[in-house]
Structure formats: C-alpha cells, structure tokens
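*Asks:* here is a sequence together with a model predicted from it:
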Amino acid sequence: MKESIYTIPINEAFSSDCHCPLCAIHNKLENDLVEASVGAAMMEPDRRIETNEKGFCKKHIEQMSSKKQVLPLSLVLQTHIRQQIDTIFKMQSKPRMFSKGKKETAQKISQYIDGVKNSCYICSTIETQMQRYAENIIYMWKKDEEFKNKFSKKSFCVNHFKLLLDTAVKDLNENHFNLFFDVLMDNARESYEKSYNDITEFVNSFDYRFKGELSPGTKTATKTVIDKFIY
Ligand SMILES: [Zn+2]
Ligand SMILES: [Zn+2]
C-alpha cells in the first residue's frame, strides 16, 4: 500500500495500548499544535495571519500559557487583539442614515464576537487533520489486510466512533461498508458495556456490604468513562 504522511502515525496508534487510537493521534496533534503556536516561528508576523483571524479557545490558550513561552504567547495575543479591536470599532464608525443604525451595529458587533468565541486556530486545524486521519484509516482498512486485522481488535471513544461512522458512510461502497459497520459496532458495544460494568462495580464497591477485590479496570473506571463518553 502506498505510504502517506498519515500511515505511520496511524499504525503507531493502532499498535499502542490506548482506549482509542484516534484519541492518541488527537492528543499528539494537539500537543504539537500548542507547542508550535508558542514556538519561535510565531515571532514572524506572517505566521500569525491565521491565528490573528481565528484566535484560540480558553482550553487551548491555557495549554499555550502552560508552555511558559511568554514572548511568543504575548506576540500572538498582541496582534490577535489588535485585529479584534479594529474590527469592532470599524463597525461603529460606519455611517448610518437612520437612528436604528446603532442597534443594527450592536447586533453586528455581537455576531462578530460570537464568531470569534466559537473559533480557535488549534481546534479548527485539529478538526481538519482528524478528518484526513479518518479518511486514511478507512482507506487502509480497505486496502491493507494487516491493518484490517489490527483494526478488528480496537474500539473507539464515542466521538471518534461517530467520526469513523460518518467517514465510512461517505467513503465506502455498500459491500465494504456493511463489513466495516459490523466490526465497528460489535467492538463498540463490547467496549461501552465493559465501561458501564466497570463504573457500576466501582459505584457498588462503596456499599458497606461490598467485600472482595475490584476487577482490573474498575479503579480507573471514572477516568476511562470521561475519556470515552464526554466529548
Ligand atoms: Zn477517541
Ligand atoms: Zn481550541
């Protein structure tokens, strides 16, 4: 099978022992993007055109702050807020013929702020990249027997289970899709029921009548459930 830049990270994630190979890919991608967003390259104004426009969500700006790269972080923020301030007050200075103009302006400013609030350079880059990864996973599943075998042993968090469903609907023909769907559903059911059983056993262990040992996976059930089901 022809190698792509996605093949190696996919094979690595599917060979590792993690609760969801796509979460493993996502976490690495996210960390690389956070580091790059406060890296030396961001000192160049040209590299900040996209971040000026999109800005960052709270989660990612906090991750960027935790890298302690104060100057690149401040430069990224400096030019991003310049763009926000300019956009907001340019809207105010547009001449209006009628008195209702100011309410209309206020609504436009509010819409612009909503747009910035819902946009993040890191989130949107991850979303595009994860879509490419999912397409490559489906392609590898179709073309590579060894990978198909690896895939059949894996399950995914609900969020990435949905991503694979959507991508397979789009990219596989009926025959391939039917096979893929059965494997994905069987593994998901088994994995999700196990999570339910683990957290139930953990909850029950607080009962004073509980005696004995917790099964493997039960002590970490709460974290696993958060990782798999909260998105
Ligand atoms: Zn996942
Ligand atoms: Zn974000």
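*Replies:* Nice, I can see it. Residues are numbered from 1 along each chain as shown. Ligands and ions are numbered 1, 2, ... in the order given.

*Asks:* now Lys148: closest residue in space that isn't a chain neighbour?
*Replies:* Nearest residue to Lys148, sequence neighbours excluded (CB to CB, 6 or more residues apart in numbering): Trp141, at 5.4 Å. C-beta: built from backbone N, CA, C; applies to glycine.

*Asks:* the host helix or strand of the one you found close to ligand 1?
*Replies:* Using DSSP states H and E, Trp141 falls within helix 121-143. No - Helix 121-143 stays clear of ligand 1 (CB under 5 Å from the ion), getting no nearer than 9.3 Å.

*Asks:* so what pLDDT did the residue nearest to Lys148 get?
*Replies:* Listed pLDDT for Trp141 reads 97.

*Asks:* and Glu62, how far is that from ligand 2?
*Replies:* 10 Å (CB to the ion, to the nearest Å).

*Asks:* burial count for that residue?
*Replies:* 11 (other CB atoms under 10 Å).

*Asks:* do the one 5 residues further on as well
*Replies:* With neighbours defined by other CB under 10 Å, the count for Lys67 comes to 15.

*Asks:* residues in contact with it?
*Replies:* Residues in contact with Lys67, defined by CB atoms under 8 Å, 6 or more residues apart in numbering, are 34-35, 38, 73.

*Asks:* can I get the residues you listed in a markdown table including distance to Gln111?
*Replies:* A markdown table is the format used below for the contacts of Lys67 (distance: CB to CB, whole Å):
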| residue | distance to Gln111 |
| --- | --- |
| Val34 | 29 |
| Glu35 | 33 |
| Val38 | 30 |
| Leu73 | 28 |
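
*Asks:* quick one: which of these is nearest Arg82?
*Replies:* The closest of the contacts of Lys67 to Arg82 turns out to be Leu73 (CB to CB; 15.2 Å).

*Asks:* so that closest one is in which element?
*Replies:* Counting by DSSP H and E, Leu73 is part of helix 70-93.

*Asks:* report the buried residues of that helix.
*Replies:* 72-73, 75-76, 80, 83 (16 or more other CB atoms under 10 Å).

*Asks:* mind listing residues that contact that helix?
*Replies:* Here helix 70-93 has contacts from 37-40, 42-43, 45, 48, 51-53, 55-56, 64-65, 67, 105, 108-109, 112-113, 116, using CB under 8 Å, 6+ apart.

*Asks:* mark which of these are buried, thanks.
*Replies:* For those, a burial check counting by 16+ other CB under 10 Å picks out 37-38, 42, 48, 51-52, 55-56, 64, 105, 116.

*Asks:* low-scoring stretches of the chain, by residue?
*Replies:* Where the chain drops to pLDDT under 70, the residues are 1-2, 94-100.

*Asks:* can we see that at 90?
*Replies:* Residue ranges of the chain with pLDDT under 90: 1-4, 43-47, 92-103, 208-219, 231.

*Asks:* state the distance from Phe210 to ligand 1.
*Replies:* In terms of CB to the ion, Phe210 sits 31 Å off from ligand 1.

*Asks:* identify the residue spatially nearest to that residue, adjacent ones excluded.
*Replies:* Once flanking residues are discounted, Phe210 sits nearest to Asn204: 6.0 Å by CB to CB, 6+ apart.

*Asks:* the one you found: neighbouring residues, count only.
*Replies:* When neighbours are defined as other CB under 10 Å, Asn204 has 12 of them.

*Asks:* what's the longest helix along the chain packed up against?
*Replies:* Determined from DSSP state H, the single longest helix within the chain is helix 174-204. Where contact means 3 or more CB pairs under 8 Å, 6 or more residues apart in numbering; DSSP states H and E, helix 174-204 is packed against helix 121-143, helix 158-171, helix 221-229.
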